[in-house]
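Peer 1: Predicted model and sequence follow; I will ask about them next.
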Amino acid sequence: MRYNPYYVGVGITAAMLLGLGVMEAPLQLRGISDMGIAAAGCAAWFMLLAATLKKAQQAGRHHVEETEKALTKLAANFDGLFQSLHEELLTQAASSKDELTQLQALLNDAIQKLIGSFTGLESASRHQHQLVLQIAHQQAQDLGGSTTSDTANSREDTLTIEKFLADTSGVLSMFVDRSVENNNLGKELVTKMDLINHEVKDIQHLLTEVEGIASQTNLLALNAAIEAARAGEAGRGFAVVAEEVRKLSMRSTDFSNQIRSHMLDMVASMQGAEQVVQALSTADMQVVTSSRESVEDMMGVVQKMNDVMMTAVAELSDLTDRVENDVKTAITTLQFQDLASQLIGHSESRLNVIGEILNGITAIDERFIEQNNRFERWEHKLIESRALIERTRHNPVKQVNIDAGGVELF
């Protein structure tokens with residue numbers, strides 16, 4: 001137990017005053033003067049002070065012994081605890097170094113595979129873009145008959161398809177115009193045939209007149225023959241003439257009938273031809289109209305397909321460029337492997353410094369455990385440790401993201 005000198009002095013003074021107060025009354029009863037009382041009080045005070053100091057000295061010596069025992073026990077416990085801490089920290093540092101080495105190996109393997117994958121993705125995207133352009137150009141050549149070998153100019157392909165559509169439209173328009181012209185010619189032919197039909201009817205009317213004349217001539221010849229028969233021998237010659245006239249009249253009638261028959265056949269043929277021409281003209285116009293609508297629809301579909309294809313090719317080209325840029329950005333971003341390797345190496349250096357410091361302090365405890373300058377050596381070792389720590393304070397990587405640095409490894 002340790003005594004505070006202040007409280008010891010207060011206690012001694014209080015005891016002295018109490019002793020004087022207690023002894024004052026008996027001494028006065030015995031007729032002792034105040035000086036005697038004071039002398040007796042001082043003697044009692046000195047005796048009490050001597051006893052108190054002796055007791056305090058004994059208590060202080062006992063306290064020092066107890067303190068030394070406690071310090072010895074604490075030092076022994078501290079040495080054991082420090083040794084256990086030293087072993088545990090070395091074990092943890094070694095495990096951390098192994099894990100950092102494993103992490104670095106995993107990063108190297110994963111990043112190399114990622115770089116290969118991104119590079120392959122960029123190459124495949126570029127090849128796909130080239131194939132699509134080649135297909136688009138081949139379709140344009142098939143449609144437009146283009147023989148160009150340049151597969152990098154999609155604008156020329158668009159013009160080729162447009163030229164093909166324009167040529168097709170021109171040919172179709174010419175075909176329609178010719179069909180319309182033929183239809184008009186057919187109508188004119190029908191009109192001419194109608195005129196011929198009217199002329200034939202006029203000829204038939206004339207044939208009817210000729211037949212009437214032949215009939216009248218035949219009747220006159222018959223009357224002449226009758227009159228010649230009445231005249232007798234004198235009218236014999238006239239009878240012969242009348243017979244010949246009648247024969248001519250009959251031949252004229254027969255010839256007129258033949259002409260009529262041929263004219264009727266010709267009229268029937270012309271009417272059939274007129275019907276054929278009308279049917280042909282009507283059919284041609286229907287076919288032309290239907291074909292024109294079909295071709296126009298087909299041309300619209302082809303144009304729409306061409307527009308969609310060109311739009312898809314343009315979008316694919318933009319997409320390929322974006323993929324290429326993204327791949328380049330990803331490959332550049334993967335440069336964090338170098339930064340991570342530097343940080344891992346710096347962490348290993350820190351762990352090595354910790355191991356060196358612990359080994360040095362443990363060596364002091366083991367070699368100088370009985371010497372008085374143990375604490376001085378500890379202080380010297382701490383100074384050396386500060387120097388080692390200062391060497392590891394510099395971080396080789398200052399940036400906090402990939403964009404902050406300018407490392408170029410690829």
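Peer 2: That came through, no problem. Since this is a predicted model, take the numbers as computed values, not measurements.

Peer 1: Run through who's touching stretch 93-101.
Peer 2: I344, S347, E348, L351, I354, G355 (C-beta atoms under 8 Å, 6 or more residues apart in numbering). From N, CA and C alone the C-beta is placed, and that goes for glycine too.

Peer 1: May I see the buried residues of it?
Peer 2: Within stretch 93-101, the residues that qualify as buried are A93, K97, L100, counting by 16 or more other C-beta atoms under 10 Å.

Peer 1: Next: stretch 346-354.
Peer 2: Quick answer for stretch 346-354 (16+ other C-beta under 10 Å): E348, R350, L351, V353, I354.

Peer 1: low pLDDT regions in the stretch 201-350 of the chain?
Peer 2: Residues of the stretch 201-350 of the chain that meet the criterion pLDDT under 70 lie in 281, 283-285, 287-288, 333-337, 339.

Peer 1: the helices in it, which residues?
Peer 2: 236-333, 336-367 (DSSP state H, counting those that start in this stretch).

Peer 1: from the ones you listed, which stretch is densest packed?
Peer 2: Of all the helices of the stretch 201-350 of the chain, helix 336-367 carries the top mean neighbour count, a mean of 16, counting by mean count of other C-beta atoms under 10 Å.

Peer 1: a markdown table please, covering the buried residues of stretch 346-354 and showing distance to N218.
Peer 2: Below are the buried residues of stretch 346-354 laid out as a markdown table (distance: C-beta to C-beta, whole Å):
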| residue | distance to N218 |
| --- | --- |
| E348 | 147 |
| R350 | 150 |
| L351 | 150 |
| V353 | 155 |
| I354 | 155 |
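
Peer 1: out of the residues you listed, which one sits closest to H198?
Peer 2: Using C-beta to C-beta, E348 comes nearest to H198 of these, at 120.3 Å.

Peer 1: In contact with that closest one, which residues are there?
Peer 2: K97, L100.

Peer 1: Tell me how far it lies from Q104.
Peer 2: Relative to Q104, E348 is positioned 9 Å away (C-beta to C-beta, to the nearest Å).

Peer 1: swap in E243?
Peer 2: With distances taken as C-beta to C-beta, E243 is found 145 Å from Q104.

Peer 1: again with A224
Peer 2: Counting by C-beta to C-beta - A224 and Q104 are separated by 147 Å.

Peer 1: for F255, same thing?
Peer 2: Counting by C-beta to C-beta, the gap from F255 to Q104 is 126 Å.

Peer 1: do R292 as well
Peer 2: 75 Å.

Peer 1: likewise D98?
Peer 2: As defined by C-beta to C-beta, D98 lies at a distance of 11 Å from Q104.

Peer 1: go on, V245?
Peer 2: 141 Å.

Peer 1: How about M305?
Peer 2: As judged by C-beta to C-beta, M305 and Q104 stand 55 Å apart.

Peer 1: Tell me how many other residues surround the nearest residue to R236 once chain neighbours are set aside.
Peer 2: Leaving aside its sequence neighbours, R236 sits nearest to A228 (C-beta to C-beta, 6 or more residues apart in numbering; 6.9 Å). For A228, the neighbour count with other C-beta atoms under 10 Å is 19.

Peer 1: show me the contacts for A228.
Peer 2: A228 neighbours (C-beta under 8 Å, 6+ apart): G235, R236, F238, A239, A242.

Peer 1: again, 6 Å this time
Peer 2: Contact analysis of A228 by C-beta atoms under 6 Å, 6 or more residues apart in numbering lists G235, F238, A239, A242.

Peer 1: residues touching V240, list them.
Peer 2: No contacts exist for V240 under C-beta under 6 Å, 6+ apart.
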